[in-house]
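> curious how this folds, go ahead:
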Amino acid sequence: MSVWESYSIERNFDELVEEIQKVKQWTMNEIKKLEESTNLKKIQQLKSTCLSETQVNLREDSSWYSKGNKYIMLSVPKDFYEKLKDKSFLTQFTMENGWDAVHFRLYVLEENEEKFEEFKKIIDIIYEVDQEIHKENLRIVEDNRKIEKTIFDILETIGIRKTYYGYKTSRSTKKTELYYHFPSEIKKQIPTSYSEDVLDERKKDLLNQINRYWEQEISKIREERLKKEQEQKEIEENRKLAFLLAKYDLSLGWDWYDVLDAILDKNKYLRLAHYLEKNREDWSDGCVYAETGLDGFEVENELDQKIYDCIHFYIENWFEYMDGRVFRDCEYNYSVLYGIAEEQDANLVSDYYEVMKYIDEY
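You can find the predicted model right below:
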């Protein structure tokens, strides 16, 4: 009969626990000796930064009072929100508490342009909060790289090889040097991949996302607004055209150019002024516009003769001047002629200016 068999169960259990403790102590001492002799430490895991867990999304509001409006949702970890001592800056944004994150939202509206710049500053705040974790991760990576090197140095010292000779495939006839899988498996368990720029890159990516969503939706809003403005402009234009067509007894199928012809036919001073101004703006074909205007100008009195002689002089001597600005600067220039026409029929001249808003070239 063994000694243990003669003892009670309670005493046997106590002695077993004592033996286990001795083994544990011996193991810990050996590990400590190994750490001291090889500089080995326990592998550390990288800590997650708040920026790495921050998410940006574009959502559409489904509530009845703002249905269809798009908003940017910035979801940040609760850790960040809890670490932040001064939360006053964040109170200007709509905030929702989630299960593991705090959500900030900003509606994509043109009137929120300035607020959008403030919204992006939340990323800057998270970035600053992350600095301590970032520095800690850099230290962890440095330590882990040393541990990794030490492990492989020990394996090499005791004769553990990374390669062996064997057949590459079942059809191979010659043995070649092949690599064991254990080095990559060991490396997978030691976090050594962490860049010094990782925080800056993440911040840049998040800001790019926010900017892209904002510009994309603002562009759509502006296009839609311009479309509506253009539609309203066309409605207004058609309304004005219909009114003037009726006023000058023209058919509904006619256009702005027909209205312009009808107006110019009603006052010879206005017609001449119109063509002189065209020649001021374009003299690539000489004084052809001034000639057209003067051809339709009927001399009926002494003033008409002075006007005719003044314009005719510059047409006859065009090759001396070769400049449409003469019809702006001469005695009876187009400004003077517009004035005469307005004295005779101010309403007609007013209609002329209204029509010219819709004339591209005439």
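
> show me where the stretch 51-200 of the chain dips below the pLDDT cut-off.
Within the stretch 51-200 of the chain, the stretches with pLDDT under 70 are 64-67.

> just the helices from it, written as ranges.
With DSSP state H, counting those that start in this stretch as the criterion, the stretch 51-200 of the chain has helices at 78-83, 113-129, 131-157, 182-188, 198-247.

> with respect to Asp61, which of these lies nearest?
Closest approach to Asp61 among these is made by helix 198-247 (12.3 Å; CB to CB). Quick note: C-beta positions are derived from backbone N, CA and C, even for glycine.

> how about the contacts made by Cys145?
Quick fix: residue 145 reads Arg, not Cys. Taking CB atoms under 8 Å, 6 or more residues apart in numbering, we find Arg145 in contact with Thr192.

> how much space between it and Thr49?
Distance from Arg145 to Thr49, counting by CB to CB, to the nearest Å: 20 Å.

> that older thread, closest to Tyr164 out of the helices of the stretch 51-200 of the chain?
helix 182-188 (11.2 Å).

> which residues are in contact with the closest one?
With CB under 8 Å, 6+ apart as the test, helix 182-188 has contacts from Glu148, Ile151, Phe152, Lys162.

> how about a cut-off of 6 Å?
Outside helix 182-188, the residues that touch it by CB atoms under 6 Å, 6 or more residues apart in numbering are Lys162.

> need the strands for the protein, in chain order.
55-60, 70-77, 94-97, 101-107, 163-167, 175-179 (DSSP state E).

> which other helices and strands does the last one contact?
In other words, strand 175-179. strand 163-167 (3 or more CB pairs under 6 Å, 6 or more residues apart in numbering; DSSP states H and E).

> what is the strand it packs on packed up against?
On a contact count with 3+ CB pairs under 6 Å, 6+ apart, strand 163-167 meets strand 175-179.

> returning to that earlier point: wait, which of the helices of the stretch 51-200 of the chain is closest to Leu90?
Closest to Leu90 of those, according to CB to CB: helix 113-129, at 6.9 Å.

> for the closest one, buried residues please.
Phe116, Phe119, Lys120, Ile122, Ile123, Ile125, Ile126, Tyr127, Val129 (16 or more other CB atoms under 10 Å).

> pretty sure the fifth one contacts Asn208?
If I follow you right, that is Ile123. No: contact criterion CB atoms under 6 Å: Ile123 and Asn208 do not qualify, at 10.6 Å.

> out of the strands of the chain, which one sits most buried?
strand 70-77 (a mean of 20; mean count of other CB atoms under 10 Å).

> quick one: strands adjacent to it?
Note on strand 70-77: by DSSP bridges, its sheet partners are strand 55-60 (antiparallel), strand 101-107 (antiparallel).

> got the angle for the shortest one vs helix 198-247?
Right, strand 55-60. 20 degrees (axes from the mean of the first three to the mean of the last three CA atoms, to 10 degrees).

> just want the angle from strand 55-60 to helix 113-129.
Relative orientation of strand 55-60 versus helix 113-129 (the same axes, to 10 degrees): 160 degrees.

> ok, for Gln131, nearest residue in space, not its chain neighbours?
Excluding the flanking residues, the one nearest Gln131 by CB to CB, 6 or more residues apart in numbering is Leu199, at 7.7 Å.
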